[in-house]
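Peer 1: Sequence and predicted model, in that order:
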Amino acid sequence: DVKVTQSSRYLVKRTGEKVFLECVQDMDHENMFWYRQDPGLGLRLIYFSYDVKMKEKGDIPEGYSVSREKKERFSLILESASTNQTSMYLCASSQGRSEKLFFGSGTQLSVL
Amino acid sequence: GENVEQHPSTLSVQEGDSAVIKCTYSDSASNYFPWYKQELGKGPQLIIDIRSNVGEKKDQRIAVTLNKTAKHFSLHITETQPEDSAVYFCAASNSGGSYIPTFGRGTSLIVHP
């Protein structure tokens, strides 16, 4: 089975801190994604990557950046965390042009 | 871009009843429609999908129907059980385009024993 692992289940950070959310997948998938999940708003795409060192903006990239130095790892970076970035963050991966996404269990980030 | 509307946002049923969740999409080029189930504390997981060349697909107690003309598709769960309680997301994508799915806002299904 594909496994997508997010490094932290819960994170509490202070306003202005630099925050790193890490995601690793073990199935050699080309594509990786970061989504944000908020009640009533569903899943919104922040950034995605088709290949190493490649990144594309999703629907809500403001305030975020990403890094993909290795194929299996995709990091989401909050340069200066703000309270409106308190949310559940979900990482996902997929193979080639397959539309099927495999999700991690999520990281619940609280910014105080 | 694609816009996916999902209703209802919350659905409460008694065990054994049927549950129906409906979605509409805006882009006629969309041709792949998956449904994801998210249990508490977990990430979403694909449970069933349908492509635009098929009108209906079943897998045991779950089925999905697609009406391309009206641009809507639905998830049907029969004989609901408490373990069906979860958040369900519909999505739409174009396999000939970016193939990244656009998700609906989710439906919280509660099945009462």
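Peer 2: Perfect, I can see it now.

Peer 1: now chain A, which segments are flagged as low pLDDT?
Peer 2: For chain A, applying pLDDT under 70 flags the ranges A:1-2.

Peer 1: residue of it with the smallest distance to chain B?
Peer 2: Residue of chain A nearest chain B, by Cβ to the nearest Cβ: A:F103 (3.2 Å). The way it works is simple: take the backbone N, C-alpha and C, and place the C-beta from them, glycine included.

Peer 1: In this structure that residue contacts A:S94, no?
Peer 2: No. Using Cβ atoms under 8 Å, A:F103 makes no contact with A:S94, being 10.2 Å away.

Peer 1: Leaving out sequence neighbours, find the closest residue to A:Y89.
Peer 2: Among residues not flanking A:Y89 along the chain, A:T107 sits closest, at 4.8 Å (Cβ to Cβ, 6 or more residues apart in numbering or on different chains).

Peer 1: same question, A:R73
Peer 2: A:V24 (5.2 Å).

Peer 1: For residue 109, which non-adjacent residue is closest in space?
Peer 2: No chain specified, so I'll use chain A. Once flanking residues are discounted, A:L109 sits nearest to A:L11: 4.8 Å by Cβ to Cβ, 6+ apart.

Peer 1: To clarify, I was referring to chain B.
Peer 2: B:L11 (5.0 Å).

Peer 1: got a list of what B:L75 touches?
Peer 2: Applying Cβ atoms under 8 Å, 6 or more residues apart in numbering or on different chains, one finds that B:L75 lies in contact with B:V20, B:I21, B:C23, B:W35, B:I48, B:I62, B:A63, B:V64, B:Y88, B:C90.
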